[in-house]
Each structure stands twice: as structure tokens, then as C-alpha cells.
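**Student:** Sharing a model that was predicted from the sequence below.
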Number of protein chains: 2
Amino acid sequence: MTIFDEATAVSRRPDGRYDAYPDRRFAIVAPGGSTPPAVNGGALLATVLRAVLSESPHPHPVATSAHFLRVPAFSPAQIEVTWLKQGGTAATARAALVQADQVILDTTVTVGSVLATDQGSSRDKLDWTGPPPGFPAATDCVSLGQWHGTTGPDGVAGYAAQVEVLLDPATTGWHQDRPSGLPEMRGYFRLREDRDPDALLLAVAVDGLPPVVFGLGATGWAPTVELTWHMRAVPAPGPLAVATRCRHVSHGWFDEEAEVWDSAGRLVAQSRQLARVGRGQRRDLAGTAGQEAAAATARS
Amino acid sequence: MTIFDEATAVSRRPDGRYDAYPDRRFAIVAPGGSTPPAVNGGALLATVLRAVLSESPHPHPVATSAHFLRVPAFSPAQIEVTWLKQGGTAATARAALVQADQVILDTTVTVGSVLATDQGSSRDKLDWTGPPPGFPAATDCVSLGQWHGTTGPDGVAGYAAQVEVLLDPATTGWHQDRPSGLPEMRGYFRLREDRDPDALLLAVAVDGLPPVVFGLGATGWAPTVELTWHMRAVPAPGPLAVATRCRHVSHGWFDEEAEVWDSAGRLVAQSRQLARVGRGQRRDLAGTAGQEAAAATARS
């Protein structure tokens, strides 16, 4: 069992709710440590999806909407799943992660069935896919470094110790305090442990790269407010190629769209999130200890 | 008071819930009349948003996630609003439209504050916007015709009688049974009545054009399963320019992304929806009565 599967585990209780525990091994440490450590939003979402899928009549979370309301504590949490419809093609549940009677993460999940890896083409003759983003070869991408900054005060390694992100060098200028001026990222994402991607890991991948606004030099804490993602196919084994872009930054809000392609060259997930631009923390990471990891993972 | 405002009106009850009534004047009639008339999904969403905004601590629905579960009846409905968080920058509510104890439309809405029309630029120096889609001049666009097909069996005019959609001719080939082969639409959207756009009308505009898969020749009923939209600025008076595109059609599912720009050239809304490709109704509209309206409005 991988650390990811342990960290996102749920346990069904007699009352039908699930016990979960936001795990320090997927912690995010904000730049400078000024914000209490949070848990990677994707890992939190995967935890909720695990509960939903465990009782779902259909295999795949085709549409997941998530509103991130509060920073979770590293303490017990409960997940409540309520089915609103159970249909032949799709079913829909509300699911919320709750701590101390407060909703931390509120989701609505519509489940259905998408193309499996062993299906060469869809049963539907209308299949169509837009051109893929221009991904460089993984060998031409760069790692963001040792990720040492994600180690929290208690010495527990965080999110960036669990995942490997290789970025297109064209999107890493911010890392040397020379932002490209374009809010976009491209790269490859996988767990450091040997584990094939699935719906749960896709939930992490869609929010797995550094925030797009880093490309504009805004490398502060950029909390996700809302994220919706669609699962479009079951991913093949291997690393995931992820491309993100932004269309609009205004009044402190920015959008980030992600596409995830699998090793077989299929579009397996799409997402868009609305997030807040961090305040007062632009370009303040240069030269500080832990800049690499903090900048690369300052996401909630 | 416009028909749109009447059709999306809500009335607060003593128990805190709201009364609403899905209105035939925003009815959609499926191709061939094989499906019972539904109500335009955007109008339904506007109705729910009206209830949420009437008691919201912030003025704008910055992130609205909606899962469409069932076809509403033309009969009384109730809207239940539950606030999950009330914060200084944002607040989040769940809101559901219910008929006969069944959830028809389930939403989560995060409210906040976006750029107003009289604010020349954001308070935030980081403002950034991607290049706009290539919109032709409105005078070079074409109307889809008299929209007579949206008249239901009882003679009440439907959705298409309420809105004017002018389309880029490059995206209307499907209308003469010569689909372009590209799943995209571009055009201008406004109410036929004189009414400035606002958050409620943006909720209609993001799903206001013909489904993108019409461009692939799939002109059947294409029900929206999930739609999330973000309000990015308060729209200026005048028509809205809307551009939609699709990235992937597979296994009967397709995505549709919309961008809405106002008459002042600002990006005011973004959306993505996941919908189902209609079955057995491709290119079956040619020559049938009502093809124009049905094809142009077969959305739930």
C-alpha cells in the first residue's frame, strides 16, 4: 500500500459516514511558514472521492465539483455522502468533508462510465479530440529540486516528497525570479512510489503543478476556491502529462485550466479552478530557504 | 419587468425556502418532440442564483457548480439554500431546486466580489487577460431564423423566442446539414427584450449557443450533466459575445467551454460543462419542421 493510498484512506462507520484523517505526509507549507500547514487539495479531494466511489453504482467520477471552504486540521475528519439520483447512465452524490461540524470541502460528484484503457476506441463513432498541448520530451524537462522546503516544523516530509513533477523549462523562469510573463505550466506528474494512475490520482494531478500565476511572478500562497474536474478516460500506466493555462487574472481572482494526458496519448482529465492570488508575497521567495518547494507547492 | 425576470422569479416563504415555477416561456422542445419539453438550463440556474443572491453577503456568484439531475416539470418548485461558510472574501452556499421531494438541479455557489463596470482596472496590479477569441462583427453574423420550432404543443413560445443569437457563419454549417467538422460556436447573445446583462443573464449566456457537437453533425438532444461557471466581471450594457469550444468527445460524453465577453471587450464569464451526445438523432433534423429552433436550442 502506497503512502498516497494510506493518506487518502477512508473507513466506513456504522452510521454510514466515513472516517478520514488529513495526512501530514501530503502537507503543504506556505512560503515563509506564515500560514499553518495545509493538506494538498487534490489529496483531500481524492479522499472524498474514495468514499463516494466505494458505494457508487458506476465506476468513474465523470464530473466532480469541489468548493474549498476551510483549511483542514491534521485531526480526524468525517465524510458524509448523500445520493441525490441513481440513474442508469449516471448517478449524483453530494459529499462533504467535515471537521468539528464545519464543512472543510464540499463536493458534488456525478459518476458514470468512461472509456477503459483496453478499449481502443469508444463505442461512439462521434469520437473527437482537439490537438494536444505541445509537451516537450520528459528528458528535456527539469525537476524543481530537492523539495526540502516542504518539510514542516516537525520534520515530516510533505506533498512534494510524494510526487515527482518535471516541468517544461519554458515555464520555470519564476523559479529563478525571471517569470516568463505567461500564466501557464507544462510538465509530467507521477507519484514517487510505484503506483499506476487512476481516478484518485487524477484528482491530484489536475491541481498538481505550480499555480499558473507563478508565471506572472505571483509566487505567494494561491488557495483554490473552487475546482471542477472531468474524468474523460481511464489512464494508462505511466506518468501523466499535465498542461495548465490561465485566461484571466482580475480583482485578486484567477482561473486555471488543466488538461491531463496519459502515457498512451489520450486526454484523460480536464479541470478548471478559480483561485485567489496571494497577497504581499510576490517574488519574495528568492534566496529564502525552502523557496523551491514552497513555490512549487503553495496550493491548497 | 421582463419575461426573463418573471420566469426566474422567486418568492421567499416563511420557512426560509423559496417558491419558484419553471416557466414555459423558457421551454426547450426536443427534436421531433420525442422528449417532453424541458426548461432551458440557464434559466433554471438563474432562478436558483436569484434565491442565493437575495440573501448573500457578497454581490457576485464568482463560482457556481451545477449538476442537472432531472427534467423539471412545469409545476411549482422549491429552492433550498444552505450556507456552509460566510467569510470576508467569499461565502459558499448549497442550493437545490426541488420538485416532489426530488432534486432537479443541485448547485454549490461561492459568492464574492468581482470587477465592476465603472472600475477601469482592478485594484490588483497583477491583472492579465489572454487574447480574445476571434469574433466577427455582429453585422457579419447570421440569425438562425424564426425559431418557430420552439413553440410547444400548447402554442406557447419557448426559449428561442426570448433570446437573439447571431452566429459566426463559419459555425453554422450544421444548419444546412453541412457541419464544419469543428465542435465550436461563436456569436452574440442577448434577450430580445431590452434588459442589461447581469449575473443572472450570464448564467443563461454560458449555455446559450447551440451545442458545440452540432459542428460535428450531432444535432440531437444534448443534455447538460454538469456545468460550472465563473463570473469574472460585471458586464457592461449591450449584447454579449460568446465563444464555445470542445476538447474531447468520447464514450457519449463531451465537454463544452464557453467564454463570454461584454460590449466593452472584457472577459466577464467562463464556463465548462459536461454533456451527453444525443443518440440516434444525428443529422435527422434536415427537412423536418422546426429543425432550426430545435437544433439551436436542444439543451437542457
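**Tutor:** Done, it's in.

**Student:** quick one: contacts for whatever residue of the stretch 151-300 of chain A ends up closest to chain B?
**Tutor:** Nearest residue of the stretch 151-300 of chain A to chain B: residue A:226, at 3.7 Å (CB to the nearest CB). All C-beta spots, glycine's among them, are computed from the backbone N, C-alpha and C. For residue A:226, the contacting residues are A:65-68, A:273-274, B:62-63, B:65, B:108, B:110, B:228, B:230, by CB atoms under 8 Å, 6 or more residues apart in numbering or on different chains.

**Student:** let's see 7 Å
**Tutor:** With contact set as CB atoms under 7 Å, 6 or more residues apart in numbering or on different chains, residue A:226 has these partners: A:66-67, A:273-274, B:63, B:65, B:110.

**Student:** and if you look at residue A:89?
**Tutor:** Applying CB under 7 Å, 6+ apart to residue A:89 gives the contacts residue A:112.

**Student:** now it, what's its secondary structure?
**Tutor:** Using DSSP: H, G, I helix; E, B strand; the rest coil, the structure places residue A:89 in coil.

**Student:** Confirm residue A:220 sits in a strand?
**Tutor:** No: using three-state DSSP, the assignment for residue A:220 is coil, not a strand.

**Student:** Now for it, how many residues are close by?
**Tutor:** Per other CB atoms under 10 Å in any protein chain shown, the neighbour tally for residue A:220 reads 27.

**Student:** sorry, back to before: what is the nearest of the contacts of residue A:226 to residue B:222?
**Tutor:** Nearest to residue B:222 among those is residue B:65, at 19.4 Å by CB to CB.

**Student:** Now the closest one. Its backbone dihedrals?
**Tutor:** Phi and psi for residue B:65, reported as degrees, to the nearest 10, are phi -110, psi 130.

**Student:** quick one: contacts for it?
**Tutor:** Shown in contact with residue B:65 (CB under 7 Å, 6+ apart): A:65, A:108, A:226, A:228, B:107-108, B:228.

**Student:** Excluding sequence neighbours, find me the nearest residue to it.
**Tutor:** residue A:65 (3.3 Å; CB to CB, 6 or more residues apart in numbering or on different chains).

**Student:** May I have the beta-bridge partners of the one you found?
**Tutor:** Beta-bridge partners of residue A:65, counted by DSSP bridges, are residue A:108, residue A:228.

**Student:** Now do the same for it: its pLDDT.
**Tutor:** For residue A:65, the pLDDT comes out at 98.

**Student:** again, but for the one 5 residues further on
**Tutor:** Model confidence at residue A:70, expressed as pLDDT, equals 95.

**Student:** if we can go back for a sec, quick check: the residue nearest to residue B:65 vs residue B:96, distance?
**Tutor:** Residue A:65 is 13 Å from residue B:96, where distance means CB to CB, to the nearest Å.

**Student:** what about residue A:207, which helix or strand?
**Tutor:** Assigned by DSSP states H and E, residue A:207 belongs to no helix or strand.

**Student:** what about the closest residue to it other than its chain neighbours, is that helix, strand or coil?
**Tutor:** Leaving out its chain neighbours, the residue that sits closest to residue A:207 by CB to CB, 6+ apart is residue A:42, at 4.6 Å. Using three-state DSSP, the structure places residue A:42 in helix.

**Student:** So what's the residue count around residue A:42?
**Tutor:** Residue A:42, neighbours per other CB under 10 Å, totals 27.

**Student:** residues touching it, list them.
**Tutor:** Applying CB under 7 Å, 6+ apart, the residues contacting residue A:42 are A:203-204, A:206-208.

**Student:** Pull out the buried residues from those residues.
**Tutor:** Neighbour counting by 16 or more other CB atoms under 10 Å in any protein chain shown classes A:203-204, A:206-208 among the contacts of residue A:42 as buried.

**Student:** nearest to residue A:250, of the residues you listed?
**Tutor:** For the buried ones among the contacts of residue A:42, the nearest to residue A:250 is residue A:207 (20.9 Å; CB to CB).

**Student:** Surely the closest one is in contact with residue A:227?
**Tutor:** Yes: counting by CB atoms under 7 Å, residue A:207 touches residue A:227, with 6.3 Å between them.

**Student:** Identify the contacts common to the two.
**Tutor:** Common neighbours of residue A:207 and residue A:227, counting by CB under 7 Å, 6+ apart, are A:41, A:273.

**Student:** still on that earlier bit, could you measure the residue nearest to residue A:207 against residue B:6, distance?
**Tutor:** Remark: distance between residue A:42 and residue B:6 (CB to CB) = 43 Å.

**Student:** Provide a list of residues in contact with the nearest residue to residue A:217 once chain neighbours are set aside.
**Tutor:** Nearest residue to residue A:217, sequence neighbours excluded (CB to CB, 6+ apart): residue A:179, at 4.0 Å. Residue A:179 is in contact with A:173, A:214-217, counting by CB under 7 Å, 6+ apart.

**Student:** Out of those, who's the most crowded?
**Tutor:** The most crowded member of these, judged by other CB under 10 Å, is residue A:214 (27 neighbours).

**Student:** Surely it forms part of a helix?
**Tutor:** Yes: assessed by three-state DSSP, residue A:214 belongs to a helix.

**Student:** Mind pulling up the pLDDT for it?
**Tutor:** Note for residue A:214: predicted pLDDT of 92.

**Student:** what's the answer for residue A:126, then?
**Tutor:** We have a pLDDT of 84 for residue A:126.

**Student:** go on, residue A:142?
**Tutor:** Turning to residue A:142, the model gives it a pLDDT of 93.

**Student:** Just want the phi and psi numbers for it.
**Tutor:** phi -120, psi 140.

**Student:** list the contacts for it?
**Tutor:** Shown in contact with residue A:142 (CB under 7 Å, 6+ apart): A:166-167, A:169, A:172.
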